[in-house]
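A.B. asks: My questions are about this predicted structure, shown below with the sequence.
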Amino acid sequence: MKILVIHGPNLNLLGSREPHIYGIMTLDEINDMIIKKAKEIGVQVRIVHHNSEGGIIDEIQNARHWANGIVINAGAYTHYSIAIRDALCSVDLPAVEVHVSNTFSREKFRHKSVISPVVNGVIVGLGPYGYLYALDYLVNTAKVNTAKR
């Protein structure tokens, strides 16, 4: 199984960006956790970071050729990028939306996601562990879907 993990805008600043909201773990440390978890559960991951909307869209579209699922933290694009939403719809891959912070305990504009309606699930507020739970979900869902065939 192959999973694309996408980090959106400003996530490269984790560890120093508003640590009272996002924690002190850096993006590299989170990626190390993801890689370790992927090895434990026997999946391959490709981890990317893009500050630009177009870069995220290109990654999603390319994933249709090789990936079995997507974990996406679209950052602020979550709240208004119809283009990222449409890209997720166009690839027909299971996807999980992840947010390090609890978006519902923050500013009102962060309470709405245009991505949530088109993904399999949403994990918010569990810090970097949300990425790990998303990997588990995608692997277990694949096993269930394979068993049904």
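C.D. replies: That came in fine, so what should we check first?

A.B. asks: how much space between the spatially most central residue of the chain and K108?
C.D. replies: By Cα atoms, centre = their mean, the chain has its centre lying nearest to I72, at 2.0 Å. Noted for I72: a distance of 22 Å to K108, by Cβ to Cβ, to the nearest Å. Any C-beta I mention is one placed from the backbone N, CA and C, and that applies to glycine too.

A.B. asks: Chain neighbours aside, what residue packs nearest to G15?
C.D. replies: Distances taken as Cβ to Cβ, 6 or more residues apart in numbering place T26 nearest to G15, at 3.5 Å, with adjacent residues excluded.

A.B. asks: Also G130?
C.D. replies: Per Cβ to Cβ, 6+ apart, closest to G130 is I123, 3.9 Å.

A.B. asks: so that neighbour makes contact with L135?
C.D. replies: No - with contact defined as Cβ atoms under 8 Å, I123 does not reach L135; the gap is 10.7 Å.

A.B. asks: neighbour-wise, which of those two wins?
C.D. replies: For the pair I123 and L135, the greater number of neighbours falls to L135 (24 against 19), based on other Cβ atoms under 10 Å.

A.B. asks: how about low-confidence regions in this protein?
C.D. replies: 104-105, 109, 142-149 (pLDDT under 70).

A.B. asks: go again using 50 as the cut-off
C.D. replies: 147-149 (pLDDT under 50).

A.B. asks: May I have the host helix or strand of G54 as PDB, with CA atoms only?
C.D. replies: Assessed by DSSP states H and E, G54 sits inside helix 53-63. What follows is helix 53-63, C-alpha atoms only, in PDB (Å, rounded to 0.1, in the frame of the first residue of the first chain):
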ATOM      1  CA  GLU A  53      -2.200  25.700  -3.800                       C
ATOM      2  CA  GLY A  54      -1.100  24.600  -7.300                       C
ATOM      3  CA  GLY A  55       1.600  22.400  -5.800                       C
ATOM      4  CA  ILE A  56      -0.900  20.600  -3.600                       C
ATOM      5  CA  ILE A  57      -3.200  20.100  -6.600                       C
ATOM      6  CA  ASP A  58      -0.400  18.700  -8.700                       C
ATOM      7  CA  GLU A  59       0.500  16.200  -6.000                       C
ATOM      8  CA  ILE A  60      -3.200  15.100  -5.600                       C
ATOM      9  CA  GLN A  61      -3.600  14.600  -9.300                       C
ATOM     10  CA  ASN A  62      -0.300  12.700  -9.700                       C
ATOM     11  CA  ALA A  63      -1.300  10.400  -6.800                       C
END
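
A.B. asks: Thank you kindly, that will do.
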